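>>> structure, please.
(chains A, B, C and D)
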There are 2 protein chains.
Amino acid sequence: MDDTVQWLSSEEQRDWRAFIRLHQKLTSRLGADLQAKSGLSGADFEVLVALTDVPEGRVRFQELAREIDWEQSRLSHQIRRMIKRDLVAREECAEDGRGAFVVITSHGREAIEAAAPPHVETVRRVFLDHVTTAELRTLGQISQRIVDRLDQDRS
Amino acid sequence: MDDTVQWLSSEEQRDWRAFIRLHQKLTSRLGADLQAKSGLSGADFEVLVALTDVPEGRVRFQELAREIDWEQSRLSHQIRRMIKRDLVAREECAEDGRGAFVVITSHGREAIEAAAPPHVETVRRVFLDHVTTAELRTLGQISQRIVDRLDQDRS
DNA sequence: ACCTAGTTCTTGACGTGTCATCTATCTAGT
DNA sequence: ACTAGATAGATGACACGTCAAGAACTAGGT
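Below you'll find the model as predicted:
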């Protein structure tokens, strides 16, 4: 009917679409499951995990953004919402008057500690249980390689 | 400092995170590129591609939602926004008083035909160029297998 | 004909993400 | 000290996605 739209070969299209579709399904499943079991969004979870990886659960905005590979303003909005729910707090920075710290609160720590185990279980159930160790390694290697190249030339 | 959060083995964690990170980067790159070059969002693009695959560019909401694997209400919101921009139109359904059709407009057709070639080129540049044919096949197969299993048990 | 249950799509509220823009502060060069 | 430019973060506008609830209609049993 309409052959004017250039596209990929049918094999490329099939594989590429499957890949994209998998990601959509994984993130929507994981997000819904996390929300239902813990009242945390995927975004909350990512921020809180990053904060538990850091001394005193306290880190500059900038560094946190780099750590989880988010845009600055995205993080700023997210932190504002999380402060309202007492998951994190904002602290002024003495050394640099422009800067600020994000600190995990005790409530935030409780939330992430309660959320993590069932979430990990879900990651296994929806993903890890369906791939072999070798396949996972292959996926990881390919992913890492492409991520590195994308980080190099941000064309 | 804090060992109470259960997590994955370090290999699992590394590979799983790389996989997730790759998807995030791909979708954000592709989305930004599409928006910049065509003024279409990824969501617009997906809907328009699905409409060009169908006779007369005309399909029931329900079927379209199933085709692109979206929730009904997500599609409804998206179509409302696209109607405002004259990319698609809504038509009543004679056979079923509840139902409705989505139809691509001529403006919508022009938009997708202009957007597709550069978008495909970008997909190659950010993804396909970085994997071998064999790797792509592997990715596709693994993805398809997991998608199928997730579709089976929606636990 | 009626009533109940299911289907199809819509809507409002709300959290999320991007972009452009703004303010405050720091740094470097003079 | 002064000033220009860079940097840190906040903010407003707007698109996107989910959830829960609702409106309109259909279908199937009585």
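>>> surely residue A:111 touches residue A:88?
No. At 10.2 Å, residue A:111 does not count as touching residue A:88 under the criterion of CB atoms under 8 Å. The way it works is simple: take the backbone N, C-alpha and C, and place the C-beta from them, glycine included.
>>> out of those two, which sits in the busier spot?
residue A:88 (26 against 21; other CB atoms under 10 Å in any protein chain shown).
>>> with residue A:67 as the reference, measure out to the closest residue to the more buried one other than its chain neighbours.
The shortest distance from residue A:88 to any residue that is not its chain neighbour, by CB to CB, 6 or more residues apart in numbering or on different chains, is 4.8 Å, and that residue is residue A:82. Using CB to CB, to the nearest Å, we find residue A:82 at a distance of 16 Å from residue A:67.
>>> which one's more surrounded, those two?
When residue A:82 and residue A:67 are compared on other CB under 10 Å, the one with more neighbours turns out to be residue A:82, at 23 against 17.
>>> ok, now which ones touch the more buried one?
A:44, A:47, A:88, A:108 (CB atoms under 8 Å, 6 or more residues apart in numbering or on different chains).
>>> and whatever helix or strand residue A:117 lives in, how far out from the chain middle?
Following DSSP states H and E, one finds residue A:117 within helix A:106-126. Helix A:106-126 has its C-alpha centroid displaced from the chain centroid by 14 Å (CA atoms, centre = their mean, to the nearest Å).
>>> please spell out which residues along that helix are buried.
Of the residues in helix A:106-126, those with enough neighbours to count as buried (16 or more other CB atoms under 10 Å in any protein chain shown) are A:108-109, A:111-112, A:115-116, A:119-120, A:122-123, A:126.
>>> do the same with stretch A:22-37
Of the residues in stretch A:22-37, those buried under the neighbour-count criterion (16+ other CB under 10 Å) are A:22-23, A:25-26, A:29-30, A:33-34.
>>> what of stretch A:13-23?
A:14-16, A:18-23.
>>> now stretch A:76-96
Residues A:78-79, A:82, A:87-89 are the ones in stretch A:76-96 that count as buried (16+ other CB under 10 Å).
>>> now for the residue in chain A positioned nearest to DNA strand C, how many residues are close by?
The shortest separation between chain A and DNA strand C is 2.6 Å, found at residue A:97 (distances taken as CB to the nearest atom of the strand). Residues contacting residue A:97 under the criterion other CB under 10 Å number 8.
>>> give me the secondary structure label for it.
coil (DSSP: H, G, I helix; E, B strand; the rest coil).
>>> got the phi/psi numbers for it?
The phi/psi pair for residue A:97 (degrees, to the nearest 10) reads phi -60, psi -20.
>>> looking at it, residue A:35 is touching residue A:41, isn't it?
Yes. Using CB under 8 Å, residue A:35 is in contact with residue A:41, at 6.1 Å.
>>> just the buried residues of helix A:106-126 now: which is nearest residue A:152?
residue A:123 (28.9 Å; CB to CB).
>>> how close does the closest one get to residue B:66?
In this structure, residue A:123 and residue B:66 are 27 Å apart, going by CB to CB.
>>> just residue A:98 next, same as before
Using CB to CB, which is the criterion applied here, residue A:98 is 50 Å from residue B:66.
>>> the two: who's more crowded?
The residue with more neighbours, out of residue A:98 and residue B:66 and counting by other CB under 10 Å, is residue B:66; that gives 13 against 7.
>>> what helix or strand is that one located in?
Residue B:66 is part of helix B:61-68 when elements are defined by DSSP H and E.
>>> now for the residue lying closest to residue A:49 once chain neighbours are set aside: which residues touch it?
Sequence neighbours aside, residue A:112 is the residue nearest to residue A:49 in space, at 6.6 Å (criterion: CB to CB, 6+ apart). Contact criterion CB under 8 Å, 6+ apart gives A:40, A:45, A:48-49, A:51-52, A:104, B:5 as the residues in contact with residue A:112.
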